[in-house]
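S.K.: Kindly generate the corresponding structure for this input.
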Amino acid sequence: MQPIYLTIALAPLLAAMVAGLAGRVVGRAGAHSITILGVAVSCGLSLYVLWKFLFDGMAVFNGPVYTWLVSDGLRLEVGFLIDNLSAMMMVVVTFVSLMVHIYTIGYMHDDAGYQRFFSYISLFTFSMLMLVMSNNFMQLFFGWEAVGVVSYLLIGFWYTRPTAIVANLKAFLVNRVGDFGFVLGIAAVLKFTGSMDYATVFARSDQIVGGYVQITDAITWPAITFTCICLFIGAMGKSAQMPLHVWLPDSMEGPTPISALIHAATMVTAGIFMVARMSPLFELSETALSVVLIIGATTALFMGLLGVVNNDIKRVVAYSTLSQLGYMTVALGVSAYSAGIFHLMTHAFFKALLFLAAGSVIMAMHHEQDMRRMGGLGKYLPITYGTFLVGSLALIGFPGTSGFFSKDALIDAVHFSHRAGSGYAYFCVLSGVFITALYTFRMFFMTFHGKERMDHHTQQHLHESPWVVTLPLVLLAIPSAIVGWFTVKPMLFGDFFNGAIKVLPGHTVLVQVGEEFHGPSAFVFNALQSVPVWLAFMGVGTAWMFFLRNPEWAKSAERSFKWLQTILLEKYGFDWFNEHVIVAGSRLLGGGLWRIGDQTLIDDGLVNGSARAVGWLGSVMRYAQSGYLYHYAFAMILGLASLLLWLIWRT
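M.R.: Numbers count the residues shown, from 1 in each chain. Here you go, the predicted model:
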């Protein structure tokens, strides 16, 4: 099987190299053909691997592929760990990426950087595959940084736009903050276990539990808590958890296909996957899990509120991503890792669908993204309308959709948890259900229903997108609607993740949820009487009443709660704080260090100062080189006299 695993990882890389380095030779058709073929090969083989795990009982593969470095007994290797968790992630990554590749043919049709874009997204897929297939921290970090670099290139793809350059720089810098914590966590793992191989680290986890880290002279932390929190800081950057979330909404400056790829199945889910993979470590620190829980709950609630006031269709979906990532993080925090990964999978399908459907709307509207200039598009874009509706229903957790199965079980798991912070988290995720339904159907009604608010020229040229755009929408809508029916039992209440995810006996909240599970049909029927489903219905009803039936009510609410709207439009002041405190403070500190250190100490002191000292010494020494014989004779007499005085003094 090792050749198959290598092909899955390397096929997108080879395709990216051809499209990127030989783009002019192969042309536009060659670039999209070779990259789609590469990702399709990876997707097909990933499906084959998952099939072998599910139905043939294939054994887990854990081994090196290439030894990069051996130093003092430490082996740094490229290796694969292929189990049910990584096999499922490989299918999700490659399938969503394949849909994005096909969609890109239509969306980027007229773009001058066509070949370059296909090269980037194929390279992105390779990077994520290396991350999810890794069996050691070195390769994990390689994939971690690789997706960061390629996302930087993709967010700033339209590099002539100043806003795109600012956005990709913001994403890069914020992720460096998270990655600093991530590197510290990996360093702590290496210090206490002497290895970077997952299996070895997990087997030696007691060495981390028994260790301590000196934070200050007066503060000492258990090493396991320090390690897990540092690793989670890395996840906060990649998976955009508060307060390291600020880069993700601005990443909408990139083309829509990459918005779907970043926000659905690749970069932002890397942190969720990493914490689940590290469950044997996180399970050993209650403090770290409570931190994960509280951060996730706060993100789920407060980022969802920002979607209610935003009018950019892509940014509403982006804030939805932030909120849903918070839900996944909450699941990790209550040790319901399976629920978090299950929601990651279903979210990948319906969120990619929503982004790509939003892109179809933007194409029809001649790249207009403001929902206040849309309305009534349903009759012009029937396929986009239908698929967008499926994605919206899955997002709010409408009974029977994939999002319902993953989100409802997740909320139940939080309800059964007794971990510190679980009460606050339950309030946040429950409130988030209403808010999610409100902003989702506000977006849906403002875009596809009601009065047509676009200009006359746009209205006259409205039509459905070409098949290369609508086909991926239909193919993504299918799993968004039905995949939960087939996967909820094995992934949440079965043994699908046995061996890949570890949960200590006292933390098994999903077992309590599973006691009330009697099949997907009964799960749907029972949920119709539950609070989350009715909160979702209330959110849809409120959106219909305020934004479709009586839009003046929304305007009245804006006037009455202007203070709240201002807070939400200012995004709780995070951007202001980063710009006026963090950035301005860094510039002030940097300027001071430059003036004191570089200019005064180095330039004026060491460099120019030493030059001036040499010049002064030279000017003095010139007087000893006059060329007059009596000067030299006088100097010799003085020297001889000095020598005689020294000899007399010594005797």
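S.K.: ok, the top strand by length along the chain: who's next to it in the sheet?
M.R.: Using DSSP state E, we find that the single longest strand of the chain is strand 61-71. Strand pairing for strand 61-71, determined by DSSP bridges: strand 74-82 (antiparallel).
S.K.: Tell me the helices and strands packed up against the helix or strand that the partner strand is followed by.
M.R.: For strand 74-82, the succeeding helix or strand toward the C-terminus, using DSSP states H and E, is helix 84-107. Applying 3 or more Cβ pairs under 8 Å, 6 or more residues apart in numbering; DSSP states H and E, one finds that helix 84-107 contacts helix 2-21, helix 23-55, helix 114-133, helix 256-264, helix 270-277, helix 337-364, helix 467-488. All C-beta atoms are positioned from the backbone trio N, CA, C, and that covers glycine.
S.K.: got the angle between helix 84-107 and helix 337-364?
M.R.: 0 degrees (axes from the mean of the first three to the mean of the last three Cα atoms, to 10 degrees).
S.K.: Return helix 84-107 as PDB; C-alpha atoms alone will do.
M.R.: The C-alpha coordinates for helix 84-107 follow below in PDB (Å, rounded to 0.1, in the frame of the first residue of the first chain):
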ATOM      1  CA  ASN A  84      -9.400   5.700   9.900                       C
ATOM      2  CA  LEU A  85      -9.000   9.300  11.000                       C
ATOM      3  CA  SER A  86      -6.400  10.100   8.300                       C
ATOM      4  CA  ALA A  87      -8.200   8.100   5.600                       C
ATOM      5  CA  MET A  88     -11.400  10.100   6.300                       C
ATOM      6  CA  MET A  89      -9.500  13.400   6.200                       C
ATOM      7  CA  MET A  90      -7.800  12.400   2.900                       C
ATOM      8  CA  VAL A  91     -11.200  11.800   1.300                       C
ATOM      9  CA  VAL A  92     -12.600  15.100   2.500                       C
ATOM     10  CA  VAL A  93      -9.600  17.100   1.500                       C
ATOM     11  CA  THR A  94      -9.200  15.600  -2.000                       C
ATOM     12  CA  PHE A  95     -13.000  15.500  -2.800                       C
ATOM     13  CA  VAL A  96     -13.600  19.200  -1.800                       C
ATOM     14  CA  SER A  97     -10.300  20.100  -3.600                       C
ATOM     15  CA  LEU A  98     -11.500  18.300  -6.700                       C
ATOM     16  CA  MET A  99     -14.800  20.200  -6.700                       C
ATOM     17  CA  VAL A 100     -12.900  23.500  -6.300                       C
ATOM     18  CA  HIS A 101     -10.600  22.600  -9.200                       C
ATOM     19  CA  ILE A 102     -13.500  22.000 -11.500                       C
ATOM     20  CA  TYR A 103     -15.300  25.100 -10.300                       C
ATOM     21  CA  THR A 104     -12.300  27.200 -10.900                       C
ATOM     22  CA  ILE A 105     -12.400  26.600 -14.700                       C
ATOM     23  CA  GLY A 106     -15.600  28.700 -14.800                       C
ATOM     24  CA  TYR A 107     -14.800  31.200 -12.100                       C
END
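S.K.: sorry, back to before: compare the helices and strands packed on helix 84-107 and report which one is nearest to Gly234.
M.R.: helix 270-277 (6.9 Å; Cβ to Cβ).
S.K.: Would you mind listing the buried residues in that closest one?
M.R.: Across helix 270-277, burial judged by 16 or more other Cβ atoms under 10 Å covers 270-277.
S.K.: Mind putting the residues you listed into CSV with pLDDT and distance to Leu293?
M.R.: As requested, the buried residues of helix 270-277 are arranged in CSV below (pLDDT from 0 to 100; distance: Cβ to Cβ, whole Å):
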residue, pLDDT, distance to Leu293
Ala270, 89, 20
Gly271, 91, 15
Ile272, 92, 14
Phe273, 92, 18
Met274, 93, 17
Val275, 93, 11
Ala276, 93, 14
Arg277, 93, 18
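S.K.: just to revisit the earlier point, and Leu381, which of the helices and strands packed on helix 84-107 is closest to it?
M.R.: Between Leu381 and the helices and strands packed on helix 84-107, the shortest separation by Cβ to Cβ is 5.8 Å, and it involves helix 337-364.
S.K.: Can you point out the buried residues in the next helix or strand after that closest one?
M.R.: Using DSSP H and E, the helix or strand that follows helix 337-364 towards the C-terminus is helix 382-396. Neighbour-count burial for helix 382-396, counted by 16+ other Cβ under 10 Å, picks out 383-396.
S.K.: Name the nearest residue to Ala288, ignoring sequence neighbours.
M.R.: What sits nearest to Ala288 in space, not counting adjacent residues and going by Cβ to Cβ, 6 or more residues apart in numbering, is Cys228, at 3.6 Å.
S.K.: what helix or strand is the one you found on?
M.R.: Here Cys228 is assigned to helix 223-238, by DSSP H and E.
S.K.: Could you name the helices and strands sitting against that helix?
M.R.: helix 137-155, helix 162-193, helix 205-209, strand 212-214, helix 270-277, helix 279-282, helix 286-309.
S.K.: Run through the neighbouring helices and strands of the second one.
M.R.: I take that to be helix 162-193. Partner elements for helix 162-193 (3+ Cβ pairs under 8 Å, 6+ apart): helix 137-155, helix 198-203, helix 205-209, helix 223-238, helix 247-250.
S.K.: ok, 6 Å please
M.R.: Counting contacts by 3 or more Cβ pairs under 6 Å, 6 or more residues apart in numbering; DSSP states H and E, helix 162-193 packs against helix 137-155, helix 205-209, helix 223-238, helix 247-250.
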